[in-house]
Structures are given as structure tokens and as C-alpha cells.
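> prediction below, plus the sequence it came from.
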Amino acid sequence: MIPLHWYLWLGSVVFCIGMAGFLMRRNIIIMFLSIELMLNGVNINLVALSHYMQDLRGQVLTLMVIAVAAAEAAVGLAIVIALFRNRPTVHVDEITEMKG
Amino acid sequence: MVEFLFGYFSVVIVIVSVLVVTSRNPVHSVLWMLLLFFHIAGVYLLLNAEFLAATQVIVYAGAILVLFLFTIMLLDLREEIRLGPFTGGWPAALAIALAVLITVVAGIWGLKPAYIGPWGIKEIQTETHTKALGKVLFTEYLVPFEIASVVLLVAIVGAVVLAKKKLKT
Amino acid sequence: MEYVLWIPLLPLIAFWVNILLGKGVLRGQAHWPSVLAVGGSMVLAVRVLFDVIHGQTMNQDIYTWILSDNFRVSVGFLIDQLTAVMLIVVTTVSFLVHVYSIGYMHGDKGYPRYFAYLSLFTFSMLMLVMSNNFLQLYFGWEAVGLCSYLLIGYWYEKRSASDAGKKAFIVNRFGDFGFGLGVILIFVTFGSLHYMPVFERAPEFISRTVNIYGLEVNLITLIALLLFCGAVGKSAQLPLHVWLPDAMEGPTPVSALIHAATMVTAGVFMVARCSPIYDLSPTAMAVVAVVGGVTALFAATIALVQNDIKRVIAYSTISQLGYMFLACGVGAYSAGIFHLYTHAYFKALLFLCAGSVMHAMAGELDMQKMGGLKRYMPVTYWTMLVASLSISGIPGLAGFFSKDEILFSAYAAGGVGRVVWVLGTLAALLTAFYSFRLIYLTFHGEFRGTEEQRHHLHESPPVMTVPLILLCIGAVGAGWVGIPEILGGKNHFGEFLSPVLRHPHYEVSHAEEWMTMALSVTVAVVGIVVATVFYIKDTSIPVRLARRFPFIYRVLWNKYYVDEFYNLIVVRPTLFVANSIIEGFTDRKVIEGIVNGLPAFVGWLGAQMRKVQNGVLQHYGMIMATGVFVILALLLVKVLGG
Amino acid sequence: MEVGYPVLSVIIFVPIVGGALMTLIPRYMEGLLKVVALVITLATFVLSLPLFTHFDKSTHMMQFVERKEWISQFGIQYYVGVDGISVLLILLSAITGILCVLISWNAIREKVKEFYIAILLIEGAMIGVFASLDFFLFYIFWEAMLIPMYLIIGVWGGPRRVYAAIKFFLYTLIGSVLMLVGIIVLYKKAGTFNVLQMHDLHLPYRVQMWLFWAFLAAFAVKVPMWPVHTWLPDAHTEAPTAGSVILAAILIKMGAYGFLRFMLPILPDATKDMIPLLMGLSVVAIIYGAVVCLAQTDLKRLIAYSSVSHMGFVTLGIFALNQQGLEGGILQMINHGIVTGALFLCVGIVYERTHSRQIADYGGLASVMPVYAGFFMLFTLASIGLPGLNGFIGEFLILLGAFKAKTLAAVLAATGIIIGAAYMLWLYQRVFFNEVNEKIRNLEPMEFKEAITLLILAIFVLWIGVYPNTFLSFMHPSVSHLLEQIQRATPEAAVAVNMTTEPQGIIGLLGSSGGL
């Protein structure tokens, strides 16, 4: 039997790689991918906990996360398209119109 | 056997994750991601979550990644690729991510569930996984489920509106 | 004696009539209400005099003015011998000045306003002298000051006039500062502001002292000196005399009424009224006497060299007021009041004569441009001559009796009295001199003005000369009610006032009394003779003297530089503090700096914070991640620690 | 002596509801708007008259009391009533309302509707402030005044109106926020917002001290005491005439009223210990305010600074803590409201014609507008405390009270009267005397409406000056009672100081029930 925290470590590593990617990359599409990565890291943890705690709520939550991820990807990519139409760049550090 | 599978999945997942965030070309990233999702689905299988594994493949790999690919194809990114992929502050970002990782890993050390729920392996086996999940989802979490559906609807409408609208410069 | 209420009320009604109707309805007839009202008051004042002579006095409250806890003060009247005398002085002079003004102010565009102010003044002055308590006295005190302000600045479009009015008011405020504190101290000490209880209880406090920052001061002395501050301001004594010469910017009848006969004597009246307090404090008495004596001499020396006819008389007034204080200071209150009473007539006469001269000279004030007016205006000349003889102290005239009584009392009182007696006698010499200098420069010799002015010279109309003649009678005969016993008289005046004012009895021989009298007559004659020599016989002497002693001349000509001194130590520093320190620095820089600095700091902080929000998504993300890390680390530490 | 209607509620809500109903009138009907506003203010005044005629002068008890449960969970009530301290201020507010409408008749040409609504709301709130006996209700009215006042300055004001409005708002808000904290602490301690019950609350000394500073911040800003006075010149200068009049006549009285109603009776021991500070600040305000007037070149600014000086007298009288001082202080509040209000009205009248507030732009005005000059002279004299006019009565009683309490303070304050005469007469000279300035040679004489507004105030100037007892008699029992409250508290507080179990510092202040 694999100990719980191995799974959790795996999820954490995926999450942190996603986070690093989000923070490091300039390309907004890859940043979105990084977010998906982070979500997947979380999902791994949720499912692992669900299994070890013998409770399906974790998996329900995972389903929700997947749904939200889908919604987020749809809206986010739509924004990217709209943005690109407006300014032909996907590099976020060049898009600072919303700064305070 | 399980340990071996877990080790394989873990190694692949980590390597592929790194490749996802470091690839210069977004198309490559997406393809690495595809590989990643299949391996994560494998991990889910290890955890007796076959429904989720299937969902992972169908929704993520089948739907979301395709969406990404379409977007990338839609945008002409040849020029973008030649520019530097990382922001100026990437070492700092990496450091922060590592710091968080170390903290989390340290925090997780020796974690044990303090609570055991009603859905042990036996119960799920008698009920079948999908049915069990359905029972929980449609009884206890009916309202969140409905809300999730509304969220998806709003997202669809929003995506259409955003993508269609001509922004005035 | 309820009718006394009408004495102040009539002028007040006249004031309101003139204010409300003067401009629209009465216009050139605006003098009627005022003259009739003051005339009525005068008649009533005479009736009061007879009532008082027949032993009727009155001390009655009309209504409670202010009531707060144990503080209760009324508007009320105290009618006694002193009040009766003051009423006669005020109403008669006021009436004559009103009549005179009809001619003098004829055709002035502010005619109704002038009479309104004059009536208001008469009302205020009557309230002042009839008051039965300190606060009403203070009311009258300030109200006459207001009228003085309004009438000095009557020709307000003239810069010097409005300046003078303001100066008079503010300088008086300095005196009133002390006076007001004195009134408050009286209340705090005695629990009442009405004369009678205060005077009755005053002896109980004779040895009470108060500690002012380690300095033990006798309470009664303190009260007396604080009250005297007000008198110094109102009666233009050193060092607050500076306003009175400037007050000559007002119309001349006003100078006669307010700045010679009545208002400026309010200080003397007040000291006399408070004689029960002053009598208890030898220190205060000495101060009063010395201030009076020094002022008498000081002002007389300035009068020697001035060329402005009204200013000479103004300094003369200051000097004569000094005599009155001198008298009060040596305990001879009735002598002081006697001089107040005679002075009112001859000084009002001097001013009205000066007004008559100005009338003829089209407003010219410089005596150097006059001369030889005797021919053109005989009535003015003769009346003014009588007034000058009277003020010089020529026997038989009013001024002689009162001044002689003062000097004798001072001599007889001994101690400080001897010192002030010397001062007074010297001042008498100078008085005679400058009075006749004025007469000679104005009426004798050759006319020194322009041809145009010469053409314009004329005697004033009867409405002006008749008051002159009437006042002249006063200047001659007013003193006869107080002929001293040594000259075979009975000093009715002193006797009459004795229920109110202590009449000192001196252990002095008749020889000494004769001596002082002879001396004062001698100095008067000497003064007149010297003036005659200087300005009739050999007119080059004054010029040579001025050349010989240029320093003294310059100091006198510039009135001892008192105005300049005040300007230097009071006015300029105050304005400097106001402009540069408070407005320029404290208020604008320090307080506003702090007040505006705080929001500015918050704004700066915000601007700094805004830089963080630079729109670069990764930065936000990094901040967030850092936050996550911090929270996790804290949790971890807590878990590991606990 | 019953009145057939709830007087206080009616006069609070007639202007407020009236103002609300005025929103229904179309904005182009300006004439109607003005008439309606005038009618509402007049009605408020007439309806407030029973306070004057039916007031029982023999008791300190609250009168015309109305009490309804409002938010019962927190013990908040709609609780209004008047005593001798507040009744005159309410009447003054009612009169001020009328004057503000009259004086704005021609002066306000833009956003007429909004202006009159703001004026009416302020009037209702002002009366509410003085009538409230529930601290919560009080705070609501107190803050409710701010917003319309802010708008009046910021919308209808002079060139620097925005700066002035924001400054005014921030200043008063900072004070009020601290007061709010104080109110909540008091509620924690007393379990009620009822002010009269709070009067009987014998708070420990340390708590009193903390609350003292909180309330001082709120009230001192409003008064305004030195050194938090600098909002006043800006606000006064930039506000339209009606705004200046409200500020001068009523708004800054709320601070002094706060001292009387809340600080003295609820926190007697702390206040008594801080009297040297408070009297010191008052004296500084008197002299500082007067001296700074000498440096002013702007008419309204000068009068504003003179307010600082005069309000210094008010606080001096209040903190003398004796009958004369307090009564003088209250009377001086009324006096200052009348006189300074009148002076601002006067300035407004010429500002209408010349659009200049610079003193140097005037000169010789007495020849051009003689009746106006007469009124201005009367108010000037009242301002410098000429006996026989209202200012004297107040100042004299205050000085008398202060002299008893702290002689030096009275002596120093009296010097303020000298400087007061200097700056006011100098102002008068520069504006009305000397040669006629060419710029103003052709000014129109005063209108009837303007004369009426000034006449109303002039009558009060003379009335109070000649027979102040009409007004003083309202105060005697209330002021005596207030003094009793202050005196009575001493021994218990002395015990409280020694209590070592009392929690320390700010935590202790928040109460034993575990903070807010």
C-alpha cells in the first residue's frame, strides 16, 4: 500500500510546477496551461484523500473542479482571442492596460 | 506492482509537467499536456476512481486541450515563439514556487487521515463506483451540481460573446 | 422723582427719531428732535438740582439687566448731589452745543446723522452719570466711547478722520481692559456691582491682599488702580492721552461737547464716584495724583509749540483733566468736580470759539495763517478772551476759583500733594502762556492767510454766537458758587457735594492759603505777560528760542514722540506677529502643514502602493504566491511548534 | 400648558419631509421652489414657537419629551427632548433656516432645487442634533448634517470650493469617527444609548480619560478650537452666503453643545482634570484668532477667524464650570450665531453686487449704501462686545466666570477684546470709510428682503443686549443641574482611580465583555 502522502507529494509537485510555469511564462496560453496543471495537482490530492478517507466528497469536488476548469478555459481563451484581435500579442507583460 | 505503476506515473507526470511549462512552442506544451492527462488518469485508476479517470480523459484531453489547440491555431504565433519565453523575474518566480513546494512537502510529511468516511473499497465495489459517486453527487451535492451547470452555461455564453465581439480600438 | 427716567430717555427717543426718519423725512430739520429732547432733559436736570438741594435723593432700580446665579445687576438711577451737578453740566453744555451745531453743521450732507449721534451721546453720558451700579457705568462708558468714535470719524471719507476715530476707540479699549477687570474684581470681592453695597462694605476689605505671582497687592488698591486704568484712557491721561489730540478731526462742536466738557471728564467723575474706595487706598490716591500732576505739566508743555488751534486746546484739555485727577488724588474730590464743572464751560467755550474761527476761515486750523481776526469777529474774540482769562486763573473768573482750590488742596495735603502742587503751579504758568499765545496768534497782529480767506472772513450767525455768549456767562460766573471762605465766600459747591464727597479739612494757616493763591495768580499773570512779550512786542523771540534749543523744540513739536513710540512697540509688532508669524508661518505653514501633510502622506503612500499594481499579471501572481508561502510557513511553524 | 402636537418631531421632520417633497416640483419652476422652501422654513419657525412660550423655566428636566422604541435589540430609541441648554439653539436654528432661504433668493442661480432641499435637510438635522437624547439618534443627525453641508460648499461655493469642502468633510469626519468609537464604548458600559442614563454613569477615571480624548476630537474640531481651526476659514470663505451663515450660526455651535450635553455630565472627572488644557486652548484661540484677523485681506476669512476667537470665549465660559461662565457661554453661542451670521449675511449682500471678497476692493461704502453701513456697524459693535448689545452680555458673563475659575485666563482673554476692537474697526474703516472706491460707486442700495433679514437679527442684537434675562432665564435650572452633575461625581471617581483590577489601556477601555 502506497502511503497517502506520496500521492499528496505528487499532487503538490504538479501544483508547484504549474505555479512556477504561471509565474515564469510570458505566453498567456501557456499560463492557462499552467493553471490547468495546478488544478490537476489539486485534483490528484483530492482524489487521493477521497480514497484514503473513504469518502466520495473529494471526488465530487474534483468533478466540480473539472467543470470550472472547462468553463475557465472557454472564457479565458475567448478573452485571449478578443485580446489578440485587439493587440496582436499573447505576452502578458505587454498587456498592462488594467493597471491602477 | 502498484508501487511500480505509481513510480512510473509519478516520474512521467513530473517530467512531462516540467516540459509543459518550459516548451517554447505552445503546441508542444499542449501535446505534452495531453500525455500528462493520460498519466494522471492512470493515477486516478490506482486510486480506484475509474469514473474520474474517464472524465479526465474525455473532458480534459478531449475537450479542453482541443480548445487550446484551436486557439493556438487561430492565433498566428510564429513571431511570438522567437521571443524569450520567460519573464524577466523568472528566477524569483522559480524560487517562490520551490519555497512553496518545500513548505507543502514538509507539511504533508506523515499526514494521516483523521476521519474515515462511509465509502470504503468494499462499499464502492458493491455499489459500483459511478453509481456511488452519482448517489453522493445527486443527493448531498445536488445544489452545487446545479450551480456548476449554470456556471458552465454562463461560461459558454460569455465565451461566445467575447469571441464574437469586435472590440473598438 | 420718577421723572428722572425721562432725562436719558428723551435724547434716546431723539436718536431713534433721527435714525429712522432723519434721512427720509426730517433732512434739514433734523436738529429739532435732538434740540427739543436735550432742552427737555436740561429743564428736568434743573428740576433734579432743586429737588436735590431740598434734600431729595434717589437710588432706584428700573429693571434687572443681567441675572445669573448670584450675579444680579440692574439698570437703575442714583440721584444725589454729584449726579445733579453732572446732570447740569452735561445737559447745559450739550444743549448749547446742539444749538450751536445748527449753525455750524448747516448744509452738511450727514446732518441728521450728526444730530442722531449727538443725541445718542447725550443719552449715553446721562446713563453714565446717573447710573447706580458699575456695569451701567461701564455701559455708559463704552457707549460714550462709541459716540466719540462715530463723531470723530464723522467725516469718514477723510482718511485722517476715520483713523482718528479708530485710534480713539482702540486706545480707550486699553484703558477699558483694566476697567472691565476692575468691575469684575469688584463683583468677585463684594458680590455686587451696585455702588451702595460696595461702598458700604469696602472698609471690611481694607487689609485684604491678593497674591499676584508672589507679589502681595492690597485688594482695594488693585481695584482702585484697575478702575483708574479706564479713567486714564477715557480722560486721556498719560500714557493713554494720544487719542485726544487726534480726536480733533471731528466737528468742532463735538470736540467741545465730548472731548472737552463731558465725556473726557467721565474718568474724573468715576474716581469721584468711587471716592469711598479710593479713600481706602493711599497708594492708589498717590498714583492718581501723580498721573494727574504729571499729565497736567506734560500736556501743557506740548501745547506751547503746537500751531493747530484745536490741538492746542486739546492739549490744554488733557492738562486741565490732569488738574482734576490731581485734585482727586489728594483727596479734594469736590475740588476736582468743581474744576470739572467750571472747565466744562470755559473749555467748551474755547472750542466753540475755535469752531467759529474755523467757520470764518473755511476750515483752516493753522494759527500761523490767522492773525488779526479781532476786527472781523468781535463776539468770538471777546468770548474767547474771557475763556482764556478764565482758564489762566485770573481772579474773579470761574477757572480761578476751581484751580486755586485744587492747588491749595494739593499744597495743604502735604506729602505727594506738595510735589503735585509744584507740577500744577508750573502747569498753570504754561497754561496762561499758551492760552494767550493762541489768542495773540489768532486775533492780534496782521492777517497771515490768503486773500481769498480774508475775503471770506465774517462773524458767525447768531445761532452760533448766542451759545458763545451764554457759555461765556458760565465761564465767568460758574465759579461763584464755590468762592472759598478766605475770600468771604461760603464754598457752597463743596458744601453741596459734601454728603457724597468727603471734604477734607486742612491744618493750614491762612497765610499759607494766601500764599498759594497769590502764587497761582502771579504765575498766571506772568504767563500772560510773557505771551504778550513773545507774540505782540517782539515776535522774533519764539523763533530764536526754537533755534536756540532745537532739541527741546523738536521733542515738544513731536509731542515727545509718544505716537511713534507706540507705533514701534505696539502697533508694528502686533501687525508683524499677525502677518508674518501667525498668518504667514504658524497658521499657513505649521498647522496647515500638518493638516495638509497628513493627507499628502496618505496620498504618497497610496502612490507608492499603486506602483505594485503595475498591470503585469506575473507580479500579482508572485505576490499572491508569496502570500501563500507566508501563510503556509506560518501554519507549518505553528504545527511544528505546537 | 399642553401643546396639541409633538413639537420636536414636527419641527425636525417638517423640513426634512418638506425637502423630500420638493423633489416632486419640476426644476424649472424656480419661483415656486423658493416660495415652498420659504413657507416650510417659516412653518418650522412658527411650529417651534411653543418651545419658547410653553417652556417651563423652573425645572431642569427634559421637556417636550417624545420616546419611542426604535431598534430595540440595541436599546436604541427615538428619544427627543429639550432643556434650557438646547431650547434656544433650536429656536436659533429655526430662525437661521428662514434667513438662509431669504438670503439665497437671488444669490443661488444654479441647481436651485437641490440647494433648497439641502438647506431644508440641514435645518431638520440641526434641530435633530439639539433635540436628540439618544446618542445613536444624535450621531445620525450629527452626520446627516455633514453631507448637505459638504454639498453646499462643494457645489455652490467659491473658486476653491472643492478643496474647502473636502477639508471640511475630512476634518469633521475624523472627529466624528472617534466620537463613534466613544459612543460604542459608552454603550458597552451603559447598555443603552440613552444620554440621560449615561449622565448617571459613574465611569472609572481611566475610561473617562480615553473617552474624553475621543469626544474632544469630535467637538473641538466642530467648535473649532485651536489648533484644529483651519478648516473654518476655508469653509466659510468658499461656502455660499447661506452656507457660511449655517456654519457660523449653528454648525460650529454643535461642538460647544456637545461639550455641554455629553462631555461635562458624562465625563466630569476627566474634564475637570483637563480644565487647564481646555481653558488654555480657549485663551490661545481667543488671542490667536484675533491676531490672525489683523492679517486678513479677505472679508469672509476675517470674519471666519473672528469666529475662532469668539468661540474661544464660548469654550472659555463653558470650562470655567460655574454658573456665570456656563450661562455666558451658552448665551454667547446664541450671540455669536446671530452676530456672525449677520456679518456673513452682510458680506453676502455686497458680494452679490461686487463679486469680490477682497477688503481692498471696497472703501467708502458708507456713502454708497448708508443703511447697510448702519446695520454693519451695529453688528460690528455687537461683535466687539459693546455694552447694550448682545455680545457684551455673553462676554462679560464669560469673563466673570473665567475670572472666578482662573484669573489669568480671564485677564488674557480680555486682551482679545482689545484686539477684537482693533480688527473689526479696522475692517469697518477699510470697507466703509475713507474715499469711495471707484469700483463700488454705483452699487445698488439694499433690497427690502435683505433689509428684513438683517432687521430680524438686529432686533435680537438689541433685545439680548438690553434685556438678556428673556434668554438667560431659560438656562438657570439646567445649568445649575449640570453643575451639580459635575460636582457630584468626584468621590466615586476618586475610588475608581485606585481600582487596580481595572483592565489597563485601550483593552480596558473596550470593556470587560471582551471588546467590541
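Thanks, I have the structure now.

> who's in contact with the closest residue to residue A:2 other than its chain neighbours?
Distances taken as CB to CB, 6 or more residues apart in numbering or on different chains put residue B:6 closest to residue A:2, at 5.3 Å, once the chain neighbours are dropped. Backbone N, C-alpha and C define where each C-beta goes, glycine included. Taking CB atoms under 8 Å, 6 or more residues apart in numbering or on different chains as the criterion, residue B:6 is in contact with A:2, A:6, B:43, B:46.

> just the buried members of those residues?
The neighbour count (16 or more other CB atoms under 10 Å in any protein chain shown) marks A:2, B:43, B:46 as buried among the contacts of residue B:6.

> my guess is the last one contacts residue B:2, does it?
Yes - proximity of residue B:46 to residue B:2 meets the contact threshold set by CB atoms under 8 Å, at 6.4 Å.

> and for those two, which residues touch both?
Both residue B:46 and residue B:2 are contacted by residue A:2, under the criterion CB under 8 Å, 6+ apart.

> can you give me the strands in chain A?
Ranges of strands in chain A, per DSSP state E: none exist.

> where in it is pLDDT low?
A:90, A:92-93, A:96-100 (pLDDT under 70).

> what about the longest helix in it?
Taking DSSP state H as the criterion, chain A has its longest helix at helix A:57-86.

> confidence score at the closest residue to chain A within the stretch 251-400 of chain D?
Proximity of the stretch 251-400 of chain D to chain A (CB to the nearest CB) peaks at residue D:251, 36.4 Å away. Looking at residue D:251, its pLDDT is 87.

> so it sits in a strand?
No - the assignment for residue D:251 is helix, going by DSSP: H, G, I helix; E, B strand; the rest coil, so no strand is present there.

> that one: what's it in contact with?
Going by CB under 8 Å, 6+ apart, the list of residues near residue D:251 reads D:126, D:145, D:149, D:222.

> returning to that earlier point: for the residue nearest to residue A:2, helix, strand, or coil?
Recorded secondary structure, residue B:6: helix (three-state DSSP).

> then residue C:503?
Following three-state DSSP, we place residue C:503 in the coil state.

> now swap in residue C:78 and tell me
Going by three-state DSSP: residue C:78 is strand.

> just the pLDDT for the residue nearest to it when sequence neighbours are not counted.
Nearest residue to residue C:78 in three dimensions, chain neighbours excluded: residue C:132, at 3.5 Å (CB to CB, 6+ apart). At residue C:132, the pLDDT value in this model is 89.

> circling back to that earlier point, most surrounded residue in the contacts of residue D:251?
The residue in the contacts of residue D:251 with the most neighbours, by other CB atoms under 10 Å in any protein chain shown, is residue D:126 (30 neighbours).

> who are the contact partners of it?
Contact partners of residue D:126, counting by CB under 8 Å, 6+ apart, are D:93, D:96, D:141, D:145, D:246, D:250, D:251, D:254.

> isn't residue C:272 right next to residue C:333, touching?
Yes - if you go by CB under 8 Å, residue C:272 and residue C:333 touch, sitting 4.5 Å apart.

> where do the helices of chain B begin and end?
Under DSSP H, chain B gives helices at B:2-22, B:26-46, B:50-55, B:65-74, B:78-82, B:90-108, B:121-127, B:129-135, B:142-164.

> so for residue D:294, which of these sits nearest?
Closest to residue D:294 of those, according to CB to CB: helix B:90-108, at 61.8 Å.

> report all helices and strands that the closest one contacts.
In terms of contacts (3 or more CB pairs under 8 Å, 6 or more residues apart in numbering or on different chains; DSSP states H and E), helix B:90-108 is packed against helix A:4-24, helix C:617-641.

> could you point out which element follows the strand or helix carrying residue C:162?
Element membership of residue C:162 [criterion: DSSP states H and E] is helix C:159-190. Using DSSP H and E, the helix or strand that follows helix C:159-190 towards the C-terminus is helix C:195-201.
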